[in-house]
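Colleague: any chance you can model this:
(chains A, B, C and D)
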There are 2 protein chains.
Amino acid sequence: MQQPTEGELAILQVLWATGPSTVRTVNEALNARSKREIGYTTTLKLMQLMADKGLVSRDTSKRTHVYAAQLPEEKAQRNLLRKFVDTTFGGSASQLVLRALGEGDASAEELAEIKRMIQSLENKRQHD
Amino acid sequence: MQQPTEGELAILQVLWATGPSTVRTVNEALNARSKREIGYTTTLKLMQLMADKGLVSRDTSKRTHVYAAQLPEEKAQRNLLRKFVDTTFGGSASQLVLRALGEGDASAEELAEIKRMIQSLENKRQHD
DNA sequence: TGCATTTTACGAATCGTTTCGTAGACAAAG
DNA sequence: CTTTGTCTACGAAACGATTCGTAAAATGCA
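Modeller: Model (predicted):
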């Protein structure tokens, strides 16, 4: 499965958040979150291309087609994360983590969850 | 200061890693880490454009010009990280951190450093 | 001096992505 | 039945980024 472009990713975000949707729904969601107005047929075309690539499926049984994400959000995030770590943190995930935490927008509970995550990783290491 | 494109970022990586460099040095470094052969004049052109934008400075006192990154690595990382968190993790930095840790390529020391980071963040919260 | 090499400069071609205009099918409402 | 609006399909324009060919200047060497 090919990687989504930036525009495709924006559409996938909508589909992930709201589930299977029509072009109109997606287009309105995109325009809700951006100053720049995106034309309806632009969104349509992009979603058609995504269907060709297999990034989304579409139900054409009704006149108004319904699209659904085919690429799972987690998988996309893992792929993009790997590339991002490579290209902007020279492959060091922990450097990225430190920088991300440094931005300071993680809540107390989130910090706690991250600590739990680290704990479980360290436990796992014990057993190797 | 404008954001670097992907190609520009690859060049900045070299400059950050090895300090001020000539076009040839950068071009060879790029080609060392990629199957796809990048032509010399391609790298040259890109670096000239970067100089125009102010992403790099250049010393033209000698015939062979020497380029230096103007955008600090940390700043670039912060900017790109913010955008990345928005576009692929819906703005949730901690989601990204969890996913990054889950990849499991952080060493024991790195985990320890991350724990320290969290500790210091939590201490700071106490005082607010 | 003359030849080969290396460099900068720069216009233009190419390429992938995004955007849009237009046409035709269909549906709903009067 | 006709009008109006919404939908898909699709070609092509527009755009930004990258790549390259070529020329001219400088350098080094035989």
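Colleague: ok but A:Arg58 is inside a strand, no?
Modeller: Yes - A:Arg58 forms part of a strand when assessed by DSSP: H, G, I helix; E, B strand; the rest coil.
Colleague: quick one: it and A:Gln70 touch, right?
Modeller: No - taking Cβ atoms under 8 Å as the contact criterion, A:Arg58 and A:Gln70 are not neighbours in contact, 9.8 Å apart. (C-beta placed from N, C-alpha, C; glycine too.)
Colleague: can you show me the strands along chain A?
Modeller: With DSSP state E as the criterion, chain A has strands at A:56-59, A:66-69.
Colleague: A:Val14: which of those strands is closest?
Modeller: Of all the strands of chain A, strand A:66-69 sits nearest to A:Val14, with 9.0 Å by Cβ to Cβ.
Colleague: and the gap between A:Arg40 and DNA strand D?
Modeller: Not Arg; residue A:40 is Tyr. When distance is defined by Cβ to the nearest atom of the strand, to the nearest Å, A:Tyr40 is 6 Å away from DNA strand D.
Colleague: thought that residue was touching A:Asn27?
Modeller: Yes - using Cβ under 8 Å as the test, A:Tyr40 is close enough to A:Asn27 to be in contact (5.3 Å).
Colleague: neighbour count: those two, which is higher?
Modeller: Each of A:Tyr40 and A:Asn27 had its neighbours counted (other Cβ atoms under 10 Å in any protein chain shown), and the higher figure belongs to A:Asn27 (23 against 13).
Colleague: so how far is B:Ser107 from that one?
Modeller: Here the criterion is Cβ to Cβ, to the nearest Å. By it, A:Asn27 lies 46 Å from B:Ser107.
Colleague: contact residues of chain A facing DNA strand D?
Modeller: Residues of chain A lying near DNA strand D by Cβ under 7 Å from any atom of the strand: A:22-24, A:40-41, A:44-45, A:48, A:60, A:63-65.
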